[in-house]
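Enquirer: Here is my input; please provide its structure:
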Amino acid sequence: MSQCAPLLVATAVSLAWIAPLAAIEPERDFSGKWTLDARGGNHRALPVPPEETLTVAQQDVAVRCEARSTDGSTLRWSYLLDGTETRSRSGAETRNSVAKWEGAALLINTLVSGPDNYTVMDRWTLSRDRAVLTITRQVVLRGGETEDVLVYRREGSPIVREVPASPPAPVVETVPPPPPTRQREFTRPLGPPASDELTVVAGTRIALALRNAVDTKHAHEGDRIYLETIAPVAAEGRIAIPRGSYVTGIVTQSKAAHGVNGKGQLFIRFDTLTLPNGTMRDFRSRLASADTARGQVDSKEGKITGERDGSGDARTVALGTGVGAGVGSVAGAASGHPWGGAGIGAAAGAAIGLASVLHGKRPEAVLPRGAVVEMILDRDLRFSPAELGF
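Expert: Now for the predicted structure:
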């Protein structure tokens, strides 16, 4: 029995590694080597050339990719499948990505920071025979948006193209005359329209709770922020966005306070909503208000400008003046000029107190963890009953 124990342990360890791989559903497994079919899409419309070849190694927790760039170098990056953000570099660009499932489709949102800042939104799907990988790619630049469909074929799979059939013979249809008006009145369909789509209209304000603190002293352009909805959002009498839905945002610009009059400025944009069931929507929404922010909120620009906390400034200056006057009086008495010493000490104390205020309480813009903020939708968000579980 003792001789079999090591073999049993080794077998159990092997099964533990194999089990996650076996749990991957075939329609969600993008593993393999893929080659771009140049005739399968209009990728020339994209500002960034797509990968010519793409090698994917997938496990239940991550998707690892390898591609060859136009200059012959090899690029490697990964996506975590639990919603955790990943970061990679490509030349002078830094890429922050978040991947999430939408049924059998993999949604990947990537924020690219570098000489040109832009956002890439991918949607990966497999054909039924798993021979074709289709990536619907949308690139959002400052000057606008472009979208295209990239078609990749698995290495070794044949390229099958449909041959258009000869045009069918024309069919002559007899159009019956319209029914009488009275008959139409009785046969008119009743009830709601055929579409049951729920629409959360542009301009809707959505209350959010911040899950990570952000301030102009530590934040940098491109930093992500994470929030949750604290109240459900209804449309047409039904809940469209439940409480506890996830919202991600980004710091588009951060300026720390500096100098005597300089104030910290923090620009925030919200870009992704994920319902608890995994349904996602992308948008570009701005900050409308924040009840616990230290600073003023400009809803038109989605900006927070820091304000100096002056509640104790006068006391700080006065305290410094008093201490300086006391020290000056002692020095003046020793020299025979007590009043002159007090005046000099008061001036010095005031200078010390003012310096303490200016350097100790810079007007940084601050959003603490747990802060309640509002965002304003910039576009309609439409949901089908299936997406909402109706």
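Enquirer: And Ala386, which helix or strand is it part of?
Expert: Assessed by DSSP states H and E, Ala386 sits inside helix 385-388.
Enquirer: Show me which residues of that helix are buried.
Expert: Within helix 385-388, the residues that qualify as buried by neighbour count (16 or more other C-beta atoms under 10 Å) are 387-388. For glycine as for every other residue, the C-beta is placed from the backbone atoms N, C-alpha and C.
Enquirer: Just name whatever secondary elements that helix is in contact with.
Expert: Based on contacts counted as 3 or more C-beta pairs under 8 Å, 6 or more residues apart in numbering; DSSP states H and E, the elements that helix 385-388 packs against are strand 238-241.
Enquirer: Check which residues of the strand it packs on are buried.
Expert: Buried-residue list, strand 238-241, by 16+ other C-beta under 10 Å: 240-241.
Enquirer: Could you spell out the sheet neighbours of it, each with its direction?
Expert: As defined by DSSP bridges, the strand partners of strand 238-241 come to strand 233-235 (antiparallel).
Enquirer: Just the mean pLDDT for the partner strand, thanks.
Expert: For strand 233-235, mean pLDDT rounds to 89.
Enquirer: got it, and stretch 289-306?
Expert: Here stretch 289-306 scores 77 as its mean pLDDT.
Enquirer: same check, this time on stretch 199-208
Expert: The average of the pLDDT scores along stretch 199-208 is 92.
Enquirer: Which parts of the stretch 201-350 of the chain are helices?
Expert: Remark: helices assigned in the stretch 201-350 of the chain by DSSP state H, counting those that start in this stretch are 313-335, 338-360.
Enquirer: hey, C-alpha coordinates of the helix holding Ala386 in CSV?
Expert: C-alpha atoms of helix 385-388 as CSV (Å, rounded to 0.1, in the frame of the first residue of the first chain):
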residue,chain,number,x,y,z
PRO,A,385,-36.0,40.6,-22.5
ALA,A,386,-33.6,37.7,-22.8
GLU,A,387,-30.7,39.9,-21.7
LEU,A,388,-32.7,41.0,-18.6
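Enquirer: in the stretch 201-350 of the chain, what spans have low per-residue confidence?
Expert: Scanning the stretch 201-350 of the chain for pLDDT under 70 picks out 259-261, 292-294, 308-350.
Enquirer: Asp122 - how many residues pack around it?
Expert: Taking other C-beta atoms under 10 Å as the neighbour definition, Asp122 ends up with a count of 19.
Enquirer: wait, Ala67 sits on Val56?
Expert: No. The criterion here is C-beta atoms under 8 Å, and Ala67 misses it with Val56 at 9.6 Å.
Enquirer: tell me the domain boundaries of this protein?
Expert: Following automatic domain parsing, one gets these domains for the chain: 23-154, 198-308+364-388, 319-357.
Enquirer: Quick one: end-to-end distance for the second one.
Expert: Looking back up the chat, that one is domain 198-308+364-388. Using C-alpha to C-alpha, to the nearest Å, the end-to-end distance of domain 198-308+364-388 comes out at 9 Å.
Enquirer: Ok, stretch 233-246 next?
Expert: Across stretch 233-246, the terminal residues are separated by 13 Å (C-alpha to C-alpha).
Enquirer: so who does Glu364 touch?
Expert: With contact set as C-beta atoms under 8 Å, 6 or more residues apart in numbering, Glu364 has these partners: 215-217, 256-257, 264, 294-295, 306.
Enquirer: just curious, which of those is nearest to Leu377?
Expert: Using C-beta to C-beta, the shortest approach to Leu377 within the contacts of Glu364 belongs to Gly295, at 23.4 Å.
Enquirer: thinking again about what came up before, now for Ala67 and Val56: what residues contact both?
Expert: Common neighbours of Ala67 and Val56 (C-beta under 8 Å, 6+ apart) do not exist.
Enquirer: just to revisit the earlier point, mind checking which of the contacts of Glu364 are buried?
Expert: Here, 16+ other C-beta under 10 Å leaves 215-216, 256-257, 264, 294-295, 306 buried among those.
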